[in-house]
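Asks: this one's structure only:
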């Protein structure tokens, strides 16, 4: 005889096990965030990333998840972030702004201009997320505000 449950059996991990979306890792969250970012920037009727601020915030969250996921995701994030970092790292005659200064510059490039194409705040937001991890200070607080809920969603994975 087949048994039917209104709820999952006790040996199945669920919300009580800390995994809101089932078995998911940082890589799974990074994949979902990347797809949502691309769809939102391209124009989706379900994912409303229709202005610079929404795109910038979502890109910073996505980039932070990329770095946290490691592997290929971190390499993609580093590839995006290295271009901006190498341009502003002090080897070009403007002096050394430090990681905090680079983070500030990238955040300003993400949120200050009136972008006509939303791909630019998306790229600057992804680059910002990479520098936030190494800058410390308020930038590190932003990273923690993103990763604490992500850790809960993944069950600490």
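Replies: Received the coordinates, thanks. Keep in mind the model is a prediction, meaning the values are calculated, not measured.
Asks: How is residue 49 assigned, secondary-structure-wise?
Replies: coil (DSSP: H, G, I helix; E, B strand; the rest coil).
Asks: so it touches residue 118, yeah?
Replies: Yes. Between residue 49 and residue 118 there is a contact under CB atoms under 8 Å: 6.9 Å. In short, each C-beta sits where N, CA and C put it, glycine included.
Asks: so what sits against both of these two?
Replies: 41, 55 (CB atoms under 8 Å, 6 or more residues apart in numbering).
Asks: pull the helix or strand with minimum mean pLDDT from this protein.
Replies: helix 71-88 (a mean of 81; mean pLDDT, DSSP states H and E).
Asks: Which stretches in the protein count as helices?
Replies: For the chain, the helices defined by DSSP state H cover 26-42, 52-69, 71-88, 98-111, 119-135, 137-153.
Asks: Go through the second one and flag the buried ones.
Replies: Going back to what we said before, that points to helix 52-69. Using 16 or more other CB atoms under 10 Å as the test for burial, helix 52-69 gives 52, 54-69.
Asks: between residue 49 and residue 118, which one's more packed in?
Replies: Ranked by neighbour count (other CB atoms under 10 Å), residue 49 and residue 118 place residue 49 first, with 24 against 21.
Asks: Give me the neighbour count for the residue nearest to residue 134 when sequence neighbours are not counted.
Replies: The shortest distance from residue 134 to any non-neighbouring residue, by CB to CB, 6 or more residues apart in numbering, is to residue 99 (4.9 Å). Applying other CB under 10 Å, we find 19 residues neighbouring residue 99.
Asks: and residue 99, what is it in contact with?
Replies: Residue 99 makes contact with 131, 134-136, 139 under the criterion CB under 8 Å, 6+ apart.
Asks: Next, give me the two most distant ones among those.
Replies: For those, the farthest-apart pair by CB to CB is 131 and 136; their separation is 10.5 Å.
Asks: For these two, indicate the residue with more neighbours.
Replies: Taking neighbours as other CB under 10 Å, residue 131 and residue 136 compare with residue 131 leading, 23 against 14.
Asks: Having no further points to raise, I will conclude here.
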